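**Q** Return atomic coordinates for the entry below.
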Amino acid sequence: MKEIGPPRETRFSRRALLLGGGMGLVGTTLAGRLAWLSLFEGERLAAAAERNRIRNRLVPPRRGWIIDRSGAPLAVNRPDYRLELLPREMEDLDATLARIGEVLPLGADELARIRADVADQPDWMPVEVAKGLDWPAFAALNVRVADVPGVHPVRVFSRHYPGGEPFAHLLGYVGPPSPEQYEKERDPLLVYPGFRIGKDGVERHEDRRLRGRAGARREEVTARGRVIRELELTPDEPGETLRLTIDRDLQAYAARRLEDNSASAVVIDCLTGELLTMISMPAFDPNVFSTRVSTKLWQALQDDNHTPLLNKSAMGVYPPGSTFKMVTALAALDAGIAPEASVNCTGRYPMGSNVWHCHARRGHGRVTMETALPKSCDTWFYEFGREVGIERIAEMARRLGLGEEFPLPLPGQATGLVPDNDWKMRRYNQPWNVAETLNCSIGQGYLIANPLQLAVMTARIASGRKVMPKLLLDDAPAAPFAALGIEDAHLEVVRKGMRDVVNASIGTAPRARAQVPGLVVCGKTGTAQVRRISSAERRTGVLRNEALPWEYRDHALFVAYAPADTPRYAVSVIIEHGISGGRYAAPIARDLLTFLHDRDRAMASLEQIEAASARRKAAVAQAEASAGTMMPAILPGVAQTPAASVQTGAAPQAPREVE
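**A** The predicted structure is shown next:
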C-alpha cells in the first residue's frame, strides 16, 4: 500500500530547519554572550584571571634600629619563623588545626588560646599559632600546610633588645596593631601577619620613622596557591636608624648600682642637654612584652609595689624635698635678701597654733644663707620663704624647669606641679595661706616634680643657662642655650652652698665626695616626707624610718653636678622610701659621676658593693630560714603600725633624720 503523508525529503528539510534554527539560536546566544563578555566584561575578567594566576604580596619593611650615642645597638631585628592563621580565609577551624597538628604538635593550652583569639579578634587580624620555629619545622610547614586556606608560614623580623630591662621604659616595646589602629589608618601593613608597631617609649613616639615603607612581590601561583615562580620584586625601605644620646654602658651600670631599689636616675650633659642616662628600676623585659605576656606575669607586674611598669624618671612624681631649697634661695636673692641674712634655728618654727620642725631637733643656731644650704636648715627657708612669698618661689621654680614638659620622644611625661595662689583658687576655690608657703619653701606640700625635671633644674643652676634635655642625637651643631636671666652672683652663692653640702665639714652629703682625684662634686640632699605625723606620735616621739613599713618611709633624693668649676654633668637620683638622701641616694650619684670620669674605678667599686649586698641577702635568708618565717616588715620592738596619710599642703613637717 502506498505511504500517505509528506514526502521523506520534506520531513528531513523540516527537521533540519528546526535543528538548524535551534543551533543558530544557541550559537547567536553564545556569540552575544561572548561579545558581551569581550566588549563589556573583558577588562574585569582579565583582571580576575590575572589574580588567579598572579598573586601580589606585601613585603613588610624592616624596622629601623635604635642605637646609643656611640653606635652600640639598643633595639635591633632578627629573623623569626612563625605560623599564623587568617580567620577570614579559613574554611574550618577544627580541620585546619588538625592539619597543622600533623606537622607541628600543639598542646591543649595552645589550642585553647588559638580558639579564643579566633573568637575574640576581628577576622582580618592574624592569629599567632607558633613563633620562634627552627628551619626544619618552618620548611615542613611550607611543604605540608601552606596550601591550607588561612594558614600562613611567615618569615618576619622580630624586635630584639640586647640590653634588656635597663632600657625597657626608655625604648618601650613593639606589639601587634589593635583593631582601632587599623580602622584609623587603613594601612594594609597593619593586618600583615607578624607586623609589629611601637607600643611604648621611643618605639611608640617615633613609630612612623621606625616603621619604614612596605615593598611588594608578584608571584605566579597554581590554582591551589602554590608558588611557581617570582615575577617581580619591589624591595621594602627599612625604617630610619635612630641614634639616642644615651650611653649604653652608663645605663647598664646605673641599673646595677640601683640594685633592687624602687628608684630612678637621670644624667644630663649641662652643655648640650643630652641625656646620658634615664633609668627607672625595677623594670620589665621588653623582649617578653614584644611577644606575648602571660596573664600570670602581667598580674605579678601589676601587683608589685615597686611599680616596674612605671617609668619613674619621666612619669613618677615626688615631693622634691630639700633639693628644692636652691630654688627658694635664688628666689630670696632675687627679692633682695642678702646672703648674710640670718635666723636663729632652735629646731622649732612656731606659727599660730602649729609648729614646723627643722630636721635637726636641737637646731642649728645662727644660720645664714651660706650655711643654710650645706646644713639644709629648714628654719632658714621657713623664715625667708615666708618673707619672699609663694609667687616669687613659683616663678623661680618654673624658670629652672619645674612644672615643665620637655620636647622628648617619650609619651606620658608627668609635668608635676608648681603651686601658687591662682592654682589653689582654681583647684580648691580657696586662697593660698602662709602655712602652705612654709612647706613649699622646703620642697613639701603640694609641690611635686619628676626626676627628669630635677636633673634639668640642677643643670640650669650649674650652667646658668636654660638647658633643654635632648634624647635624639643628630649631627647638627647645637646652638648655645639662652641665659636664665639670673644674676651670676646669685648663682655663685647657691653653687658655693652646693659645693659645701658635699665637701665642707658641715655638709649633709660627705658620702657624695668624688673618688676620682681632682674631681669636686656639688650637690644637695633631699629627704621627702610622704606621711602625716599624728599629734599623739609627736608627743611620744616620732618613729624612725627604719621602724616603719616600707611604703611609709621618706623618699631619698640627691641632685649633683661636676666638676665644680667647669660643670659638665648633672645628675638626679630618687630612691622611693629610701629613708635618707645623704645616706643612700648621694653615693649612687657619686658613682655615676665617677663612671663618667673613671670607668675602671667605678666598676671596681660596683663589684665591692654587689659582693656586700650578696652577703647581706644571704644573711637575711639564713636568719629567715632559722626563724622558720619571713622577717617582719616592722623592726622588732615596734608594737603597731603608726597612723599615716598622704601629706597635705599646710600640715607642719615632722623632724627627719639628718639628710
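
**Q** Mind pulling the model confidence for the residue nearest to the spatial centre of the chain?
**A** Taking C-alpha atoms, centre = their mean, the centroid of the chain lies closest to H169, which sits 2.8 Å from it. According to the prediction, H169 has pLDDT 94.

**Q** can you check L557 too?
**A** The model's pLDDT for L557 equals 94.

**Q** any idea how far it lies from D134?
**A** Here L557 is placed at a distance of 50 Å from D134 (C-beta to C-beta, to the nearest Å). Placement of C-beta: from N, CA and C, glycine included.

**Q** Okay, now the unreliable bits of the chain?
**A** 1-12, 37, 40-43, 45-57, 124, 219-232, 531-543, 628-659 (pLDDT under 70).

**Q** Tell me how many other residues crowd L74.
**A** By other C-beta atoms under 10 Å, 22 other residues sit near L74.

**Q** check contacts around it.
**A** Contacts of L74 were listed using C-beta atoms under 8 Å, 6 or more residues apart in numbering, and they are W65, I66, I67, D68, Y161, P162, G163, F167, L171, L244, I246, R248.

**Q** In ChimeraX, how would I select the buried members of the residues you listed?
**A** The buried subset of the contacts of L74, as determined by 16 or more other C-beta atoms under 10 Å, is captured in ChimeraX by this line:
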select :65,66,67,68,161,163,167,171,244,246,248
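
**Q** Counting only helices, which of the contacts of L74 make the cut?
**A** Residues of the contacts of L74 located in helices (DSSP state H): L171, R248.

**Q** Please flag which of the contacts of L74 sit within strands.
**A** Under the assignment DSSP state E, these contribute I66, I67 to strands.

**Q** ok, of the contacts of L74, which one's closest to S441?
**A** Nearest to S441 out of the contacts of L74 is I246 (C-beta to C-beta; 35.0 Å).

**Q** Leaving out sequence neighbours, find the closest residue to the closest one.
**A** D68 (5.1 Å; C-beta to C-beta, 6 or more residues apart in numbering).

**Q** Mind listing residues that contact stretch 399-407?
**A** Applying C-beta under 8 Å, 6+ apart, the contact partners of stretch 399-407 are 320, 327, 330, 397-398, 413, 415-418, 449, 452-454, 456-457, 460-461, 467-469, 484-486.

**Q** Please apply the same query to stretch 453-460.
**A** Outside stretch 453-460, the residues within contact range by C-beta under 8 Å, 6+ apart are 266-270, 273, 320, 323, 326-327, 399-404, 406, 416, 449, 466-469, 484, 557, 559-561, 567, 570-572, 574.

**Q** and those residues, which are buried?
**A** Counted by 16+ other C-beta under 10 Å, the contacts of stretch 453-460 give 266-270, 273, 320, 323, 326-327, 399-404, 406, 416, 449, 466-469, 484, 557, 559-561, 567, 570-572, 574 as buried.

**Q** Among the contacts of stretch 399-407, which are located in helices?
**A** Judged by DSSP H, helices contain the following of these: V327, L330, A397, R398, L452, Q453, L454, V456, M457, R460, I461.

**Q** Can you select the buried ones from those in PyMOL?
**A** Buried subset of the ones in helices among the contacts of stretch 399-407, written as a PyMOL selection, criterion 16+ other C-beta under 10 Å:
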select buried, resi 327+330+397+452+453+454+456+457+460+461
